[in-house]
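1. build me a structure from this.
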Amino acid sequence: MPVNQQILLDNRPHGEATVDNFKLVETATPALQDGEVLVRHHYLSLDPYMRGRMNDSKSYAASQALGEVMIGGTVGEVVESRHPKFQPGDQVVGMGGWQLYSVVDGNAPGMLRKVDTTHVPLSYYLGAVGMPGVTAWYGLVKIIQPKAGETVVVSAATGAVGSAFAALAKARGCRVVGIAGGAEKCAYATGELGFDACIDYKAHPDLKSMAKALKDACPDGIDGYFENVGGYILDAVLLRANAFARVAVCGMIAGYDGQPLPLANPALILINRMKVEGFIVSEHMDVWPEALTELGTLVAQGKLRPRESIAHGLQNAPEAFLGLLKGKNFGKQLVQLV
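-> Alright, predicted model coming up:
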């Protein structure tokens with residue numbers, strides 16, 4: 001069995017996460033038992049939710065255990081199998097974590113899924129046609145429930161979730177406005193992803209300026225908002241929201257280091273009779289087949305063209321992850337392992 005490399009959570013961050021929170025180790029890969037599958041990972045997914053798991057605090061999921069392999073989505077190839085459903089050479093997606101290899105129980109529901117790379121590149125199953133894409137689909141379709149002609153807004157617009165959100169919302173006849181960091185990302189949002197407008201939050205770093213920019217970009221107000229960030233951007237959206245607007249709360253990256261995120265005008269939720277709903281996409285596995293079918297079709301039709309930022313080598317995963325938290329990535333952040 002091959003020697004494995006793993007990145008563990010060595011200690012918990014106090015405030016901002018650093019590379020010193022992680023530890024790279026080598027370990028022997030255990031021999032397969034009946035029903036198990038050995039997977040060689042090709043790509044590792046880096047996602048903002050991982051920062052919340054590093055804290056030892058109450059959240060929607062258990063904290064990442066110290067001394068254990070960092071959690072994370074992976075795509076790769078079956079290299080050995082003692083399960084009849086999987087054969088060497090099968091390309092698969094799973095939650096293999098920050099390591100080169102994983103041994104997976106082939107009978108565990110949802111742990112390993114074969115994928116078809118005929119029309120969809122393998123790496124896309126960690127982004128547009130994976131968990132981030134389904135996240136965008138659920139927040140839009142099940143919570144925002146847009147009607148044609150409505151205006152919807154998404155923060156972190158050029159990331160894996162935001163780019164899928166744009167394609168899905170345009171397919172439903174919406175006006176789609178993004179919020180992203182930097183002129184280059186905003187040009188990509190409108191030029192390639194199909195956004196009708198994109199606001200550079202770096203050019204609008206406070207509530208008053210952002211609210212004015214949203215007013216200009218959304219002359220008919222905001223009917224739906226997909227929240228990835230929190231902070232003053234949410235405050236600005238509330239100021240521009242229409243009556244009966246819907247907010248799908250997916251992430252609050254502005255508060256992942258532990259600082260509180262107070263709302264400036266929470267009464268607007270009442271005044272506008274708004275629906276604000278948080279969700280965790282892994283709690284809604286029943287919708288994944290429908291969502292993945294639509295997302296795969298959009299990719300195959302060229303209507304969803306996500307960009308990827310790729311770090312090379314497992315040892316560079318911590319640095320790439322910290323860069324993701326600061327918005328240094330352009331599109332979906334991956335680590336290539338082969």
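2. where's stretch 164-178 relative to the chain centroid, distance-wise?
-> Chain-centre distance of stretch 164-178: 17 Å, with C-alpha atoms, centre = their mean, to the nearest Å.
3. let me see the domain layout of the chain.
-> 3-127+307-336, 131-282 (automatic domain parsing).
4. endpoints of the longest one, how far apart?
-> Terminal residues of domain 3-127+307-336 lie 18 Å apart, using C-alpha to C-alpha, to the nearest Å.
5. pLDDT of it, averaged?
-> Across domain 3-127+307-336, pLDDT averages out at 94.
6. now it, how far from the centre of its chain.
-> Here the centre of domain 3-127+307-336 is set off from its chain's centre by 14 Å, with C-alpha atoms, centre = their mean.
7. then the shortest one?
-> With C-alpha atoms, centre = their mean as the basis, the distance from the averaged C-alpha position of domain 131-282 to the chain average is 14 Å.
8. let me know which of the domains of the chain is tucked in deepest.
-> Greatest average neighbour count among those goes to domain 131-282 (a mean of 20), per mean count of other C-beta atoms under 10 Å. Using the backbone N, CA and C atoms, a C-beta is placed for each residue, glycine as well.
9. circling back: to L292, which of the domains of the chain lies closest?
-> Closest to L292 of these, according to C-beta to C-beta: domain 131-282, at 6.5 Å.
10. note down every partner strand of whichever strand or helix holds H41 and its orientation.
-> With secondary structure defined by DSSP states H and E, H41 is part of strand 36-45. Using DSSP bridges, the strands paired with strand 36-45 are strand 74-81 (antiparallel), strand 101-105 (antiparallel), strand 332-336 (antiparallel).
11. L295: which of the domains of the chain is closest?
-> When those are compared by C-beta to C-beta, domain 131-282 sits nearest L295, at 4.3 Å.
12. residue ranges for the helices of the stretch 151-300 of the chain, please.
-> For the stretch 151-300 of the chain, the helices defined by DSSP state H, counting those that start in this stretch occupy 160-171, 183-191, 207-217, 232-240, 267-271, 288-300.
13. and the ones you listed as TSV, adding distance to G130 and mean pLDDT?
-> Listed next are the helices of the stretch 151-300 of the chain as TSV, based on distance: least, C-beta to C-beta, whole Å; pLDDT from 0 to 100:
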stretch	distance to G130	mean pLDDT
helix 160-171	8	96
helix 183-191	20	96
helix 207-217	29	98
helix 232-240	25	97
helix 267-271	32	97
helix 288-300	8	94
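14. same list, these, but as JSON lines with distance to A61 please.
-> As requested, the helices of the stretch 151-300 of the chain are exported to JSON lines (distance: least, C-beta to C-beta, whole Å):
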{"stretch": "helix 160-171", "distance to A61": "18"}
{"stretch": "helix 183-191", "distance to A61": "29"}
{"stretch": "helix 207-217", "distance to A61": "31"}
{"stretch": "helix 232-240", "distance to A61": "22"}
{"stretch": "helix 267-271", "distance to A61": "26"}
{"stretch": "helix 288-300", "distance to A61": "18"}
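15. now the angle between helix 160-171 and the strand holding H41, please.
-> Strand 36-45 and helix 160-171 are oriented at 80 degrees to each other (axes from the mean of the first three to the mean of the last three C-alpha atoms, to 10 degrees).
16. output strand 36-45 as PDB, nothing but the C-alphas.
-> Output of strand 36-45 as PDB, limited to C-alpha atoms (Å, rounded to 0.1, in the frame of the first residue of the first chain):
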ATOM      1  CA  GLU A  36     -13.400  -0.800   1.100                       C
ATOM      2  CA  VAL A  37     -12.000   1.300  -1.700                       C
ATOM      3  CA  LEU A  38      -8.600   3.000  -2.000                       C
ATOM      4  CA  VAL A  39      -8.800   6.400  -3.800                       C
ATOM      5  CA  ARG A  40      -5.900   8.400  -5.100                       C
ATOM      6  CA  HIS A  41      -7.000  12.100  -5.000                       C
ATOM      7  CA  HIS A  42      -6.400  14.300  -8.000                       C
ATOM      8  CA  TYR A  43      -7.900  17.500  -6.600                       C
ATOM      9  CA  LEU A  44      -8.700  18.800  -3.100                       C
ATOM     10  CA  SER A  45     -11.400  21.400  -2.600                       C
END
